[in-house]
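> my questions concern the predicted model and sequence given below.
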Amino acid sequence: MNDPFAKAAFMMFMVSELHPFLDGNGRLARVMMNAELVKGEQSKIIIPTVFREDYIPALRVLSRQQHPDVYIRMLQRAQQFTATIFGEDIDLMQNMLERSNAFKEGDENILKIVNQ
């Protein structure tokens with residue numbers, strides 16, 4: 001497996017599926033995923049709060065139904081989103097995230113990706 005995105009997706013799923021620790025497995029999974037992406041000189045992936053309603057179901061679909069398509073599309077969409085957040089100024093970057101509703105929670109979240 002030479003594709004950095006494929007390695008990253010596998011690493012993230014493996015850690016979250018194995019769930020080796022009592023706490024922090026999701027964070028560790030995302031750190032390991034991003035380590036693979038950085039190694040492959042690709043854009044990192046941030047899972048913003050607004051994506052949580054896509055992220056968790058996508059992992060469940062892969063784990064319980066062995067359908068990777070939803071999971072892969074979710075990660076690709078998150079990577080595309082993350083690539084739009086750039087700059088050296090943290091306030092500017094936070095403003096970009098706020099304008100994109102990255103921190104929103106609740107029913108306004110989208111699950112369209114699961115139904116595609």
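Sure, I can see it.
> quick one: secondary structure of the most centrally placed residue in the chain?
The structure's the chain has its C-alpha centroid closest to I47; by CA atoms, centre = their mean the separation is 4.2 Å. Judged by DSSP: H, G, I helix; E, B strand; the rest coil, the three-state class of I47 is coil.
> please tell me how far S63 sits from F13.
8 Å (CB to CB, to the nearest Å). The C-beta positions use only the backbone N, C-alpha and C, and glycine is treated the same way.
> next one: Q76
Q76 sits 14 Å away from F13, going by CB to CB.
> now swap in V50 and tell me
V50 is 21 Å from F13, by CB to CB.
> before we move on, what about F81?
The spacing between F81 and F13, counted by CB to CB, is 19 Å.
> E88 too?
E88 is 32 Å from F13, where distance means CB to CB.
> when those two are compared, which one has more neighbours?
Ranked by neighbour count (other CB atoms under 10 Å), E88 and F13 place F13 first, with 20 against 6.
> just the buried residues of the helix or strand where that one lies, please?
Take DSSP states H and E as the rule and F13 turns out to sit in helix 4-18. By 16 or more other CB atoms under 10 Å, the buried positions in helix 4-18 come out as F5, K7, A8, A9, F10, M11, M12, F13, V15, S16.
> what does stretch 24-32 give?
Buried positions in stretch 24-32, judged by neighbour count with 16+ other CB under 10 Å: G26, L28, A29, R30, M32.
> now do the same contact list for the first one.
Yep, that's G26 we're talking about. G26 sits next to S16 when contact means CB atoms under 8 Å, 6 or more residues apart in numbering.
> low-confidence stretches in this structure?
Along the chain, the model assigns pLDDT under 70 to residues 106-116.
> okay, helices next: where are they in it?
Using DSSP state H, the helices assigned to the chain run over residues 4-18, 25-39, 52-65, 68-83, 90-99, 112-115.
> of the ones you listed, which approaches E105 most closely?
Of all the helices of the chain, helix 52-65 sits nearest to E105, with 7.6 Å by CB to CB.
> and that closest one, what does it pack against?
Applying 3 or more CB pairs under 8 Å, 6 or more residues apart in numbering; DSSP states H and E, one finds that helix 52-65 contacts helix 4-18, helix 68-83, helix 112-115.
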